[in-house]
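Colleague: just to be clear, the model below is a prediction. Sequence and coordinates:
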Amino acid sequence: MRYVAPTREAVDPVVFTHAPLSEWGQFGEWLQGKRWPSIDELNARWPSHAPERFAAQTRELLEDGFHYEERIATRGLIATREANWHDLFNAMIWLRYPQLKRALNRQQMAQIMQVGRRERSRPQCAQTHFDEAGVIVTVKDPALLALWDRHDWYSLFWRRRAAWVDGLMAVELFGHALLEHALTPGKLLVGKALAVTVDERVARADALEGCAEAIAEGRWLRDPQELRPLPLSGIPGWHAAGEEEAFHRHAACYQPLREGRRYPAPLDLRSLG
């Protein structure tokens, strides 16, 4: 069933006090203010040298003959529906993670050149899944990756709960649809994740840059099967029920590993340190 976001007036303010929305306070007025931000207000957040700008998605704009991704690549215009949660969150992602967005656009354009505008390749499917519901997960302890590999959610989120607090595993939420779904209190969120192994010497910014390079160069997101499910609601602070052990034994978002399913090796960025 297609998700329908609540109206601006109907959003429960409590959702902005819990992850993931609590981590976007820099855009607090856009999220919790009484009115929607204008396109001009969105554009005012860009650095002066940025090549992109948000553009109201009007009939006139769409009649330019460009595919959505082509318009970004050739005109620097990101078609944006006004007064729309989904597109507002997309704008916020662009402003926080421009290098990742540009990497995706580069690969989307490469695929359009290969298969045309009407077809969708497996790389495009992977890129779209990540754009909508993607998370990047940095892992410092190989034992945690092994738990994830076999979908041992109870151990990953309860027995090793401290790992999420201490930073042995950390999440960068990239998919704007996840932020939209978080507007519904108590909704169980599952991300489509790319795993990255790092050590203490690798800074967050360097890890993100490494991921963007891997995507831009076509080394990542070539197939949807590269993406691992990650039940985000199991992370401490992401779901109220997650403070209780029982949640981690029976949560509906904790799906078993499908027979024969194997995940690719993570991107190894430990050498950056």
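Modeller: In hand now; what should we look at? Numbering: from 1, shown residues only.

Colleague: alpha carbons only for contacts and neighbour counts from here, please
Modeller: OK.

Colleague: which residue ranges form the helices in the stretch 101-250 of the chain?
Modeller: 122-133, 142-149, 153-154, 161-166, 176-181, 204-216, 247-250 (DSSP state H, counting those that start in this stretch).

Colleague: what's the third one packed up against?
Modeller: Judged by 3 or more Cα pairs under 8 Å, 6 or more residues apart in numbering; DSSP states H and E, helix 153-154 is in contact with helix 247-250.

Colleague: how about the helix it packs on: buried residues?
Modeller: Within helix 247-250, the residues that qualify as buried are 247-248, counting by 16 or more other Cα atoms under 10 Å.

Colleague: now it, how far from the chain's geometric center?
Modeller: Chain-centre distance of helix 247-250: 24 Å, with Cα atoms, centre = their mean, to the nearest Å.

Colleague: after that helix, next one along is what?
Modeller: Along the chain past helix 247-250, the next helix or strand (assigned with DSSP states H and E) turns out to be strand 267-268.

Colleague: avg pLDDT for that next one?
Modeller: Confidence over strand 267-268 (mean pLDDT, whole number) is 95.

Colleague: partners of that strand, with directions?
Modeller: Here strand 267-268 is paired, per DSSP bridges, with strand 190-197 (parallel).

Colleague: give me the neighbour count for residue 179.
Modeller: One way to gauge burial is a neighbour count; for residue 179, by other Cα atoms under 10 Å, it gives 24.

Colleague: I meant to write residue 64 there.
Modeller: Residue 64: 9 neighbours (other Cα under 10 Å).

Colleague: what residues does residue 99 make contact with?
Modeller: Contacts for residue 99 (Cα atoms under 8 Å, 6 or more residues apart in numbering) come out as 209, 212.

Colleague: redo that, cut-off 10 Å
Modeller: Contact analysis of residue 99 by Cα atoms under 10 Å, 6 or more residues apart in numbering lists 105, 208-209, 211-213, 216.

Colleague: that one in helix, strand or coil?
Modeller: helix (DSSP: H, G, I helix; E, B strand; the rest coil).

Colleague: mind checking pLDDT for it?
Modeller: Looking at residue 99, its pLDDT reads 98.

Colleague: now residue 117
Modeller: Confidence score, pLDDT, at residue 117: 81.

Colleague: isn't it right up against residue 67?
Modeller: Yes - using Cα atoms under 10 Å, residue 117 is in contact with residue 67, at 7.1 Å.

Colleague: between these two, which contacts overlap?
Modeller: Residues touching both residue 117 and residue 67 (Cα under 10 Å, 6+ apart) are residue 109.

Colleague: so how far is residue 195 from the residue nearest to residue 220 when sequence neighbours are not counted?
Modeller: For residue 220, ignoring the flanking residues on the chain, the nearest one in space by Cα to Cα, 6 or more residues apart in numbering is residue 214 at 5.6 Å. If you measure residue 214 against residue 195 using Cα to Cα, to the nearest Å, the figure is 12 Å.
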